[in-house]
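**Q** please work out how this folds:
(one chain, ligands or ions: 1)
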Amino acid sequence: MQTRPFGKTGQSFPILSFGGQRIVDGHGCTEDEAIEIVNTAIDRGIRYFDTAWVYSRGQAETRLGKVVAHRRDEMWIATKVFNPTREGARRQLEESLTRLQTDHVNEWRFHDVFSYERLDAFTGKGGALEAAQQARDEGLIQYISISGHRDPQVLLEALDRYPFDSALIAVSVLDHFFRSFAEEFLPVANTRGVATIGMKVLGLGSLTHEVERSLRYAFSLPVSTVIVGMESMAQLEQNLTIAESFTPMTDQERLTFFQEIIPLVKPENMPWKADSSSDPEEWDPPARASWI
Ligand SMILES: NC(=O)c1ccc[n+]([C@@H]2O[C@H](COP(=O)([O-])OP(=O)(O)OC[C@H]3O[C@@H](n4cnc5c(N)ncnc54)[C@H](OP(=O)(O)O)[C@@H]3O)[C@@H](O)[C@H]2O)c1
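**A** Numbers count the residues shown, from 1 in each chain. This next block holds a predicted model:
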């Protein structure tokens with residue numbers, strides 16, 4: 001599989017990485033299956049694993065942790081913090097480390113930074129950025145990251161406020177047509193040496209009839225790596241096969257894909273572009289919508 005450099009970290013990762021949100025009961029994946037999928041992913045060369053404190057009340061992190069306990073050195077672990085306050089973020093980090101059975105994560109990401117208000121909360125006085133810098137000094141995390149799938153301008157503002165090491169962004173072919181992270185965010189991030197991780201590549205299921213072209217489209221963008229949510233061995237196998245035989249899309253292939261996909265560019269196929277709740281009561285939510 002093709003590998004690419006990951007920002008300024010000195011690391012390189014294969015183009016296909018693992019979205020760890022869906023290895024849970026809620027997606028019909030048992031614990032034994034989850035462990036087998038993650039072990040196979042590592043055996044086949046995947047190194048980058050994304051998860052989050054908020055996924056399925058901790059089940060996603062806990063299951064990943066059952067592999068981390070045996071194979072920590074083979075895995076790059078990125079987890080996310082949902083609570084934007086300093087104290088709340090610290091508590092979530094400690095819980096993440098316990099669930100993941102490790103003493104440090106490679107990246108710690110501010111989760112779903114969908115608005116300027118939420119960015120203010122993360123980066124302002126008493127916010128999670130203070131907890132992140134302290135945790136980095138203590139060796140609990142290595143790199144500080146940010147994620148968003150709603151508005152690329154909010155993440156551009158984030159880069160102006162703080163030199164984030166990486167950003168997880170929505171880069172599906174549907175995203176090309178509305179608030180495009182590929183068009184608005186990637187050029188700036190790449191100029192500044194910020195590592196970029198693509199998500200929403202299969203449109204949360206809207207593009208599962210177009211798996212090959214959707215993955216090829218994303219791999220063809222100037223991103224560092226791409227995470228795909230996988231909940232079965234069959235999905236892992238298919239996505240690995242596409243990644244291993246990847247050749248960049250030609251301009252003509254890209255144009256044809258755009259023309260054929262345009263009818264799907266509708267709000268109901270892109271729920272991650274909608275507004276999210278700003279209610280502080282939801283900073284430690286028991287459950288979140290599937291696109292978070
Ligand atoms: N704000 C954030 O930071 C944020 C938000 C959401 C997700 N994430 C991360 O991103 C990862 C990817 O999630 P996403 O939201 O971007 O979703 P996605 O990858 O666009 O879609 C994932 C879904 O596509 C389907 N799929 C995957 N491979 C397939 C294949 N070969 N054939 C057919 N279907 C296939 C599966 O759905 P079905 O089998 O159910 O149809 C899978 O659950 C998550 O695991 C998580 O780690 C981050």
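**Q** right, and residue 91 touches residue 83 too?
**A** Yes: the pair formed by residue 91 and residue 83 meets the contact definition of C-beta atoms under 8 Å, at 7.4 Å. Heads up, the C-betas are built off the backbone N, CA and C, glycines and all.
**Q** residue 40: neighbour count?
**A** 14 (other C-beta atoms under 10 Å).
**Q** strands along the stretch 51-200 of the chain, start to end?
**A** Along the stretch 51-200 of the chain, the segments classed as strands by DSSP state E, counting those that start in this stretch run 76-81, 105-110, 141-148, 166-170, 195-199.
**Q** turn those strands into TSV, columns for mean neighbour count, distance to residue 226 and mean pLDDT.
**A** Below are those laid out as TSV (neighbours: other C-beta atoms under 10 Å; distance: least, C-beta to C-beta, whole Å; pLDDT from 0 to 100):
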stretch	mean neighbour count	distance to residue 226	mean pLDDT
strand 76-81	26	13	98
strand 105-110	26	15	98
strand 141-148	24	14	98
strand 166-170	27	10	98
strand 195-199	26	4	98
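**Q** got the contact list for residue 3?
**A** Each residue near residue 3 by C-beta atoms under 8 Å, 6 or more residues apart in numbering is listed here: 12, 13, 14, 15.
**Q** if any of the residues you listed are buried, put those into a PyMOL selection.
**A** Restricted to buried positions by 16 or more other C-beta atoms under 10 Å, the PyMOL selection for these reads:
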select buried, resi 13+14+15
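**Q** which ones among the contacts of residue 3 map onto strands?
**A** Counting by DSSP state E, the contacts of residue 3 place 12, 13, 14 in strands.
**Q** looking at those residues, which is nearest residue 50?
**A** When the ones in strands among the contacts of residue 3 are compared for distance to residue 50 (C-beta to C-beta), residue 13 comes out closest, at 11.3 Å.
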